[in-house]
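> Mind folding the following:
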Amino acid sequence: CAMAAAGYDFIWVEMQHEAISWEQVARFWRTCPGPAAPGVRVAYADEREIQHATDMGAAVIVVPTVDSVEEARAAVDWTYFPPMGRRSSGGGQGPSSLWNDVPGGYRQTWNDNVVLILMIETLQGVEAARDIAKIPGVDGLFAASGDLGNFSGFGEGDAEYEALITEVATAAREAGIHACAPLRWANRPEFTCFQAGTEGANIRRGAAAEIAQAEERFGSSGAGGSPVTGTGTSALLANLTAECGAITYEADCNAAVEQAATAASSMGATEQAQVVRRLREVMGANPAHAARIGEIAARAGLTVDSR
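Sure thing, here's the model as predicted:
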């Protein structure tokens, strides 16, 4: 409920990777109706998955790993009512309770209101992206930063990787639809919709920021202690904790490390020591990623050993 009321346009529930049921998802949406629109990343583009999502109340459908025009058309078929698609007009809490007061009627306005985003995550998907983007009913292509690296073998910043991202963004732009990406790419002008952090990352970021702000203001003196001068590192430390405390998306963690290390290289000794300490904590909590984190920090001008 906190996420639904936090100011996002929509919240997507994870049904591709999480072990939750549609019954649980329906309860989420029934209990926390907004103001963010309910959305979901389904596991694949088939009638059962998308029909469950829409009947339970989803207004945003995100389909992963779309590799071909045929898969994209299937997603459109099961998302939209005729004549645009082949969605069955059934029951569920979506049409019966969540959206029963929609002006003009749920069935009559659905095709104009639903949002369908297709994720391009593989080399096959990139090759087909321009044709996929032109299919009526597709509202956006999502350049999947992590899996495009996973499937291609290239990493963010590599020329080959950036060419894949550019191709997806170009396909969306030329088709007049949204190009979507992680929020950390908000500075890339070709993208117009973004995926923010996970619920866990937001909780960690908020908690870390609150603790850091309290430490900056009061130090370790406790209640009644003398205020201390803030260091300005709160946001950096909070972001490191959020993205790397429990790594969900490695690319997001790596970006947070680079941001913190770059900023720390021009800080004073006290502030730099805070960043180094937090990076060591992150490396200790994620030993499989420690070497890579150290490399990114060193490249940005900050030496960090895991100790």
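
> Name the helix or strand for residue 38, please.
Residue 38 belongs to strand 37-41 when assigned by DSSP states H and E.

> Please work out the angle formed by the directions of the helix or strand just after that strand and strand 37-41.
Later in the chain than strand 37-41, the nearest helix or strand by DSSP H and E is helix 47-56. When axes from the mean of the first three to the mean of the last three C-alpha atoms, to 10 degrees is applied, the directions of helix 47-56 and strand 37-41 differ by 170 degrees.

> In terms of secondary structure, what does helix 47-56 contact?
Helix 47-56 is packed against helix 22-31, strand 60-63, helix 69-79, with contacts defined by 3 or more C-beta pairs under 8 Å, 6 or more residues apart in numbering; DSSP states H and E. Heads up, the C-betas are built off the backbone N, CA and C, glycines and all.

> Residue 173: which of those is closest?
helix 69-79 (17.3 Å; C-beta to C-beta).

> Mind giving me the packing neighbours of that closest one?
Where contact means 3+ C-beta pairs under 8 Å, 6+ apart, helix 69-79 is packed against helix 47-56, strand 60-63, strand 115-120, helix 123-133.

> Only C-alpha atoms, please: export whatever helix or strand residue 240 lives in in PDB.
Using DSSP H and E, residue 240 falls within helix 234-244. In PDB, the C-alpha atoms belonging to helix 234-244 read as follows (Å, rounded to 0.1, in the frame of the first residue of the first chain):
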ATOM      1  CA  SER A 234      23.500  10.600   3.000                       C
ATOM      2  CA  ALA A 235      22.000  10.100  -0.500                       C
ATOM      3  CA  LEU A 236      25.100   8.200  -1.800                       C
ATOM      4  CA  LEU A 237      25.200   5.900   1.200                       C
ATOM      5  CA  ALA A 238      21.500   5.300   1.100                       C
ATOM      6  CA  ASN A 239      21.600   4.400  -2.600                       C
ATOM      7  CA  LEU A 240      24.500   2.000  -2.000                       C
ATOM      8  CA  THR A 241      22.500   0.300   0.700                       C
ATOM      9  CA  ALA A 242      19.400   0.200  -1.400                       C
ATOM     10  CA  GLU A 243      20.900  -1.200  -4.600                       C
ATOM     11  CA  CYS A 244      23.700  -3.300  -3.200                       C
END
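
> And the average pLDDT for it is what?
The average pLDDT within helix 234-244 is 83.

> measure stretch 115-129 end to end?
From its first residue to its last, stretch 115-129 covers 18 Å (C-alpha to C-alpha, to the nearest Å).

> Pull out the buried residues from it.
For stretch 115-129, burial by neighbour count (16 or more other C-beta atoms under 10 Å) applies to 115, 116, 117, 118, 119, 120, 121, 122, 125, 126, 128, 129.
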